[in-house]
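Undergrad: Sequence first, predicted model second:
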Amino acid sequence: MNAKAENTPPCLRSITPHLICAGASDAIEFYKKAFGAEEMFRLPGADGKLMHASVKIGDSMVMLVDEMPEWGALGPKALKGSPVTIHLMVDDVDAVFAQAVAAGAAVKMPVADMFWGDRYGQVIDPFGHHWSIATHVRDMTPDEIQAAGREAMAKGCADATA
């Protein structure tokens, strides 16, 4: 009998996104260019579609699979949108944001200094997945964040910057 496996392999965090993509192989290449992803594993099926794949971005794993409508696996484009945003913390949001856009991501929200202490922006990748990208720039207490949030909302949601 094999030795007992670890409960959580060290490459996985408590929560790991598992993305369905129309063209998961292309998505892997995009994530390499946009976010510096490192491909960890790829399991193609007999038809060439990816049954499972994983990339590492920073210290976290992202799993991918090709769309397989026959199994109910549909990506954001087939569903006409996504209610989920994947949050990516980086050392230099401006550089990573520009890299993602150069790789083919669409700007959803330009990078700006936000009231909660992060420099933050949002993109949509070519496969329909939404990504927020941020760099923490100043520490704030919960009370300071709430006050700054009220002030930003009073100005109007379109201007949530500091």
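TA: Arrived safely, thanks for sending. Numbering: from 1, shown residues only.
Undergrad: and the gap between H129 and K80?
TA: Between H129 and K80 the distance, using C-beta to C-beta, to the nearest Å, works out to 14 Å. Backbone N, C-alpha and C define where each C-beta goes, glycine included.
Undergrad: When those two are compared, which one has more neighbours?
TA: H129 (25 against 8; other C-beta atoms under 10 Å).
Undergrad: Tell me which residue lies nearest the centroid of the protein.
TA: The C-alpha lying nearest the average C-alpha coordinate of the chain belongs to I86 (C-alpha atoms, centre = their mean; 3.4 Å).
Undergrad: so where's the protein uncertain?
TA: 1-11, 157-162 (pLDDT under 70).
Undergrad: which residues of it fall in helices?
TA: Applying DSSP state H to the chain gives helices spanning 24-35, 76-79, 93-103, 142-155.
Undergrad: and the shortest one, what does it pack onto?
TA: Helices and strands in packing contact with helix 76-79 are not found; criterion 3 or more C-beta pairs under 8 Å, 6 or more residues apart in numbering; DSSP states H and E.
Undergrad: Tell me the buried residues in stretch 43-52?
TA: Residues of stretch 43-52 classed as buried by neighbour count (16 or more other C-beta atoms under 10 Å): L50.
Undergrad: Need the CA coordinates for that stretch. CSV is fine.
TA: Output of stretch 43-52 as CSV, limited to C-alpha atoms (Å, rounded to 0.1, in the frame of the first residue of the first chain):
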residue,chain,number,x,y,z
LEU,A,43,-3.5,16.1,-20.1
PRO,A,44,-4.9,16.0,-23.7
GLY,A,45,-7.8,13.8,-24.5
ALA,A,46,-8.0,11.6,-27.6
ASP,A,47,-9.6,14.4,-29.6
GLY,A,48,-6.8,16.8,-28.6
LYS,A,49,-8.9,18.9,-26.2
LEU,A,50,-7.4,19.4,-22.8
MET,A,51,-9.1,17.3,-20.2
HIS,A,52,-6.9,19.0,-17.6
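Undergrad: Name the residues that touch that stretch?
TA: 24-25, 41-42, 53, 63-66, 68 (C-beta atoms under 8 Å, 6 or more residues apart in numbering).
Undergrad: Burial check on the closest residue to V90 other than its chain neighbours, number of neighbours?
TA: Among residues not flanking V90 along the chain, V96 sits closest, at 4.6 Å (C-beta to C-beta, 6 or more residues apart in numbering). V96 is flanked by 23 other residues according to other C-beta under 10 Å.
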